[in-house]
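Peer 1: Requesting a structural model of the entry that follows:
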Amino acid sequence: MYKQPLIYIFTSAALFGISPPLAKLLVKNIPPVALAGFLYLGAFVGLSLYSIIRGIVSTEKIGNTNLKKEDLPWLAGAILSGGIISPICLMFGLSQISGFTTSLLLNLEGIFTAIIAVIFFKENAGKRLWLALMCMTLAGIFLTWDSSQGKFNLLGPLLITLSMIFWGIDNNLTRNISTRNPMQITRIKGLVSGLASISLAYALGMGITWDVTIFYALLLGSFSYGISLVFFIKALEGLGSFRTGMFFSLAPFIGAVISLIMLQEWIGWVMFPAIILTVAGVWLISTEKHLHLHSHQKEVHTHSHNHKDIHHMHEHTELVREPHVHEHKHLEENHVHSHWPDTHHRHEH
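Peer 2: Predicted structure coming up:
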């Protein structure tokens, strides 16, 4: 199994993991709905600036994998679920509970991504994956316990859970366009989602103070929502929705550590079993081995690829750079090797 998708998803998780504790500081001054919008708008601004600078500095082009007309329904669904509804729920939930609890509850995104992938998109899930889901679910239950009051605090965790459900929907919809230009997808999502949420905040009469905190929100969004999402989409192509969502569960650990250090939050004894269960879940998924005889049907398609894997061993008459894009043919083939449910392994089991 190839390491590059793992590098993508770990980088994405790290960048997104810093967002809950930092957003916890920002939500004190910016209404939750507006903050959700500024974070996604920051993703658009940051990636647009990067694209402009890259276009000036580098003349290298790898080809055209831009969105096509048939991709628009998937993109629209991803924007509505993951770009508008989910971040608004997350910001409201963050205003109710600690950044530490919010960070670890982000594990639920992997759970709901996996459940949706298996039930609706027919991805394969073995025993180790379901055990990982059980561990993370139990961790989420622990984190709803308010040790200071001796009862379950449901409102904040429920809002975070709802947010993770919609992000799980988003992840699976985005998987269907993951071979397209991730920069283009993220910029469109950032612009539309950002403007929609900020407009909604104004429509609801939420006062927005235009000060330096807006700049901080845009800066955080450019990294945690922009660059992170680009790497997440690239990981989807190589790992599939289920495993991408599960590996993304590293993000909560980063956010939890930052919350403890920066916000000095202590939620009591429940953090210890929650952390242990989360670690167990991540270990189960990261040590999975998937190998069997499988068939590839004859196919002609276009996407970004390199010649380092066994599915792209074709030759070129001219010198090409890695990665590159062109229409290429896959012949019918039966073989055995370790693989993820990536673009070339979306078969039934």
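Peer 1: what about the stretch 1-150 of the chain, any weak spots by pLDDT?
Peer 2: By pLDDT under 70, the weakly predicted segments of the stretch 1-150 of the chain are 1-2, 58-64, 122-126, 145-150.
Peer 1: show me where it has helices.
Peer 2: In the stretch 1-150 of the chain, the helices defined using DSSP state H, counting those that start in this stretch lie at 4-17, 19-26, 32-57, 72-78, 86-94, 99-105, 107-121, 127-142.
Peer 1: Mind giving me the packing neighbours of the fifth one?
Peer 2: What that stands for is helix 86-94. Counting contacts by 3 or more CB pairs under 8 Å, 6 or more residues apart in numbering; DSSP states H and E, helix 86-94 is packed against helix 19-26, helix 32-57, helix 99-105, helix 155-175, helix 182-203. Glycine gets a C-beta too; all of them are placed from N, C-alpha and C.
Peer 1: Kindly compare burial across the ones you listed and name the winner.
Peer 2: Among these, helix 99-105 has the highest mean neighbour count (mean count of other CB atoms under 10 Å), at a mean of 28.
Peer 1: Of all the helices and strands packed on helix 86-94, which one comes closest to F248?
Peer 2: Each of the helices and strands packed on helix 86-94 has some distance to F248 by CB to CB; the shortest is helix 155-175, at 8.4 Å.
Peer 1: residues in contact with the spatially most central residue of the chain?
Peer 2: Using CA atoms, centre = their mean, the residue of the chain that lies closest to the mean C-alpha position is F232, 5.0 Å off. Residues counted as contacts of F232 (CB atoms under 8 Å, 6 or more residues apart in numbering) are Y8, I9, S12, F16, N171, T244, F248.
Peer 1: Nearest to Y216 among the residues you listed?
Peer 2: Proximity of those to Y216 (CB to CB) peaks at F16, which lies at 16.7 Å.
Peer 1: Now do the same contact list for the closest one.
Peer 2: F16 is in contact with L106, S224, Y225, S228, F232, F248, A251, counting by CB under 8 Å, 6+ apart.
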